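# From the sequence below, what's the structure:
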Amino acid sequence: MKTIFVAVTALTLSLAAPALAQQTPDYGTQSVAYHINGNGGEESRAYYGALRNVQNHINAVGAENMEIAVVMHGNGLGLLQAAVDDTQLQTVISGLKEQGVRFEVCNNTLVGRDIDWENDLYDVWADDIVPSGVAQLSYLQAQGYTYIKP
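Here you go, the predicted structure:
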């Protein structure tokens, strides 16, 4: 009897799975702060993975329903440093920016590591620089942003 129950349950779940996958939930509007402060690793894989998370999030919710800030400090600025010479990474970053994603850069890291944002980082403007990456993350959370550490 137990075998029949398991078989019927498995059949029911397998028939229901496609229907469940086709349903699109209404995620509403979302404000999200993605926190990047680690190394990209070999071939910037960690950076690509983090940006893929951002794009998947947009795909699920819709760019028109989202406010996204990617806040970088410490080793996270390596994302924009790597993009200076990586045209594929440039394309990904530019595509996210076209969808309204903001890339926010920590001034403390710029000063502490003597990074020239105009020459050493890809596509950074004065408005992209925040005084402190960690303070910016805290501020955004206080404003209702969800914190995500990919």
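# Can you give me every residue that contacts the spatially most central residue of the chain?
The chain has residue 54 as the residue nearest its centroid, 3.3 Å off, counting by C-alpha atoms, centre = their mean. By C-beta atoms under 8 Å, 6 or more residues apart in numbering, the contact set of residue 54 is 34, 68, 70, 96, 101, 150. In short, each C-beta sits where N, CA and C put it, glycine included.
# For residue 64, see how far away residue 29 is.
The gap separating residue 29 from residue 64 is 9 Å, by C-beta to C-beta, to the nearest Å.
# scratch that, residue 45
Residue 45 is 30 Å from residue 64, by C-beta to C-beta.
# again, but for residue 44
From residue 44 to residue 64 the distance is 29 Å (C-beta to C-beta).
# who has more neighbours, these two?
Comparing residue 44 with residue 64 by other C-beta atoms under 10 Å, the one with more neighbours is residue 44, at 21 against 9.
# Regarding the more buried one, what is its secondary structure?
Under DSSP: H, G, I helix; E, B strand; the rest coil, residue 44 falls in the helix class.
# again with residue 114
What three-state DSSP gives for residue 114 is coil.
# how many other residues sit next to it?
Residue 114: 7 surrounding residues under other C-beta under 10 Å.
# pLDDT score assigned to it?
As predicted, residue 114 sits at a pLDDT of 98.
# can you give me the helices in the chain?
Listed in chain order, the helices of the chain (DSSP state H) span residues 2-22, 45-61, 78-83, 87-98, 107-112, 117-120, 133-142.
# And the fifth one, what does it pack against?
This points to helix 107-112. strand 129-130 (3 or more C-beta pairs under 8 Å, 6 or more residues apart in numbering; DSSP states H and E).
# State the distance from residue 121 to residue 64.
Counting by C-beta to C-beta, the gap from residue 121 to residue 64 is 28 Å.
# where does this protein have low pLDDT?
1-24 (pLDDT under 70).
# Now flag whichever of the contacts of residue 54 is closest to residue 49.
residue 150 (6.5 Å; C-beta to C-beta).
# Can you give me every residue that contacts that closest one?
34, 36, 49, 50, 53, 54.
# these two touch, right, the second one and residue 76?
In other words, residue 36. Yes. At 3.8 Å, residue 36 counts as touching residue 76 under the criterion of C-beta atoms under 8 Å.
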